[in-house]
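Q: Got a predicted model here, sequence first, then my questions.
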Amino acid sequence: MSISIYGAFRTDTTMSNNTATYATIGSQFRIQSYSKITITDGADGTTIQGDNVVNESPNDPTQTYNDEVFMWDYTIQVTDGTNTYEVGVMDWDINGNGSMQWPGAEQGYFIAFLNGDIPPLNTRLTVVAVTDNGPSIPASSVVPCFVKGTLIDTPDGPRRIETLCVGDKVLTLDNGPQEIRWVGQRTLSLRELVRKPKLTPIRITAGALGANLPLRDLCVSPQHRVLVRSPIAKRMFGSAEALIPAHKLIDIPGIFVDTVEAPVTYLHMLFDSHEVVLSEGAPTESLFTGKEALKAVGDAAYDEIMTLFPELSAVDYVPRMARFCPPKGKHMKTLVRRHVHNQKPLLAMQ
């Protein structure tokens with residue numbers, strides 16, 4: 001068994017050796033990149049074990065990362081001046097001698113954001129308190145499904161998608177604030193995801209699209225389309241912008257099929273027309289009312305949508321997409337290959 005932990009290598013932050021070792025109150029740091037690691041779960045898969053507090057010796061030497069001992073050291077609270085976050089500071093026995101050397105690289109080798117909240121990259125964070133220095137923490141507080149919800153841009157600022165309701169307004173790329181006409185969700189159990197692995201979420205890590213977007217990791221369903229804006233798209237399709245399904249982008253560094261260790265809930269938003277919205281700051285599509293897309297929402301949701309939009313059932317109804325979508329998978333594959341080969345971002349700066 002294993003435990004996946006989402007956070008940042010300290011080498012991808014400006015956290016100092018002293019802060020990692022002593023949790024210096026008032027010290028500040030920024031995070032430049034997020035990552036995910038997988039550790040063995042040791043003797044108890046429900047917890048991430050720590051040390052005995054006094055001598056930096058691990059409570060469970062069978063809990064490892066890359067075959068060397070890995071442990072939670074303590075949890076600190078940090079603030080960006082408005083929001084507060086809980087950060088688990090993790091140590092790794094790099095030299096394999098069975099204990100954690102300090103101060104140095106083994107202290108705070110990896111830091112994990114706990115309980116579902118993570119700040120945008122390059123946010124200045126200030127250490128304000130040590131909140132836990134006990135023997136262990138629950139593994140459920142750090143697994144990658146901890147993100148409570150995708151942040152959607154609204155006229156009142158970013159909001160978690162699960163808090164949005166019919167009638168709420170969302171910022172769109174083309175038409176300004178637009179009212180949500182319908183919201184829906186579908187939860188897939190682990191058993192369903194094992195039977196249907198093609199439904200496993202795609203994770204787009206922070207900054208993977210270019211232009212520092214998304215601001216945080218973005219998880220979407222495989223068929224969910226993401227806006228690509230680049231000179232390569234312009235040369236290929238005659239338009240600089242195109243909508244590409246997320247699963248077609250997995251050859252891009254930082255975009256991959258996610259590791260799933262808990263049920264997954266997909267949420268949908270429907271507007272009067274197909275829109276491009278900003279999720280974690282990145283442009284992605286709203287629910288498209290094409291026949292194949294609507295098959296995925298389930299029978300009850302389909303009936304509800306048809307009641308709201310009876311025109312969708314007309315024989316001659318042709319849904320309008322917010323952007324061009326290449327009709328053939330080979331064209332999408334070529335688009336991605338050219339971006340990788342030329343080391344160009346999918347979202348060019350405007």
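A: Perfect, I can see it now.

Q: Can I get stretch 166-182 as PDB, trimmed to CA atoms?
A: Extracted C-alpha coordinates of stretch 166-182, given in PDB (Å, rounded to 0.1, in the frame of the first residue of the first chain):
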ATOM      1  CA  VAL A 166     -28.600  28.300 -10.300                       C
ATOM      2  CA  GLY A 167     -28.900  32.100 -10.700                       C
ATOM      3  CA  ASP A 168     -25.300  32.800  -9.500                       C
ATOM      4  CA  LYS A 169     -23.200  34.700 -12.000                       C
ATOM      5  CA  VAL A 170     -19.900  33.400 -13.300                       C
ATOM      6  CA  LEU A 171     -17.300  35.400 -15.400                       C
ATOM      7  CA  THR A 172     -17.000  34.200 -19.000                       C
ATOM      8  CA  LEU A 173     -14.300  35.000 -21.400                       C
ATOM      9  CA  ASP A 174     -16.700  36.200 -24.200                       C
ATOM     10  CA  ASN A 175     -19.900  37.500 -22.600                       C
ATOM     11  CA  GLY A 176     -18.900  38.900 -19.200                       C
ATOM     12  CA  PRO A 177     -21.000  37.700 -16.100                       C
ATOM     13  CA  GLN A 178     -23.500  35.000 -17.100                       C
ATOM     14  CA  GLU A 179     -26.100  33.400 -14.900                       C
ATOM     15  CA  ILE A 180     -25.900  29.600 -14.300                       C
ATOM     16  CA  ARG A 181     -29.000  27.900 -15.600                       C
ATOM     17  CA  TRP A 182     -28.300  24.400 -14.300                       C
END
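
Q: How about it, which residues are buried there?
A: Across stretch 166-182, burial judged by 16 or more other Cβ atoms under 10 Å covers Asp168, Val170, Leu171, Thr172, Leu173, Gln178, Ile180, Arg181, Trp182. (Each C-beta comes from the backbone N, C-alpha and C, glycine too.)

Q: helices or strands next to the strand of greatest length in the chain in the packing?
A: Counting by DSSP state E, the longest strand found in the chain is strand 68-79. Under the contact criterion of 3 or more Cβ pairs under 8 Å, 6 or more residues apart in numbering; DSSP states H and E, strand 68-79 touches strand 47-49, strand 84-92, strand 125-132, strand 136-138.

Q: Of the buried residues of stretch 166-182, which belong to helices?
A: If you go by DSSP state H, the buried residues of stretch 166-182 have nothing in helices.

Q: circling back: now the helices and strands packed on strand 68-79 in JSON lines, with distance to Ile204, mean neighbour count and mean pLDDT?
A: As requested, these are exported to JSON lines (distance: least, Cβ to Cβ, whole Å; neighbours: other Cβ atoms under 10 Å; pLDDT from 0 to 100):
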{"stretch": "strand 47-49", "distance to Ile204": "26", "mean neighbour count": "23", "mean pLDDT": "81"}
{"stretch": "strand 84-92", "distance to Ile204": "21", "mean neighbour count": "23", "mean pLDDT": "88"}
{"stretch": "strand 125-132", "distance to Ile204": "23", "mean neighbour count": "16", "mean pLDDT": "92"}
{"stretch": "strand 136-138", "distance to Ile204": "27", "mean neighbour count": "17", "mean pLDDT": "78"}
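
Q: out of these, which comes closest to Cys219?
A: Proximity to Cys219 (Cβ to Cβ) singles out strand 84-92 among the helices and strands packed on strand 68-79, at 19.0 Å.

Q: closest one to Gly7 among the helices and strands packed on strand 68-79?
A: Closest of the helices and strands packed on strand 68-79 to Gly7 is strand 84-92, at 7.5 Å (criterion: Cβ to Cβ).

Q: The closest one packs against which elements?
A: In terms of contacts (3+ Cβ pairs under 8 Å, 6+ apart), strand 84-92 is packed against strand 2-9, strand 68-79, strand 110-113, strand 125-132.

Q: So for Leu190, which of these sits nearest?
A: strand 2-9 (13.9 Å).

Q: got a list of contacts for the helix or strand just after that closest one?
A: Toward the C-terminus, strand 2-9 is succeeded by helix 17-22 as the next helix or strand (DSSP states H and E). Residues from elsewhere that reach helix 17-22, judged by Cβ atoms under 8 Å, 6 or more residues apart in numbering: Arg10, Thr24, Ser27, Phe29, Val89, Trp102, Pro103, Gly104, Ala105, Gln107, Gly108, Val127.

Q: For stretch 308-318, what is the distance to the chain centroid?
A: Taking Cα atoms, centre = their mean, to the nearest Å, the mean C-alpha location of stretch 308-318 is offset from the chain mean by 35 Å.

Q: can you give me the mean pLDDT across the longest helix seen in the chain?
A: Ranked by residue count, the top helix of the chain under DSSP H comes out as helix 329-342. Per-residue pLDDT over helix 329-342 has a mean of 93.

Q: Quick one: low-confidence residue ranges for the stretch 251-350 of the chain.
A: Within the stretch 251-350 of the chain, the segments meeting pLDDT under 70 span 261-262, 291-299, 350.

Q: for it, what spans make up the helices?
A: Residue ranges of the helices in the stretch 251-350 of the chain, as given by DSSP state H, counting those that start in this stretch, are 291-295, 299-308, 329-342.

Q: ok, so of the buried residues of stretch 166-182, who is nearest Tyr302?
A: Distances from Tyr302 to those, taken by Cβ to Cβ, are shortest for Trp182, at 11.0 Å.
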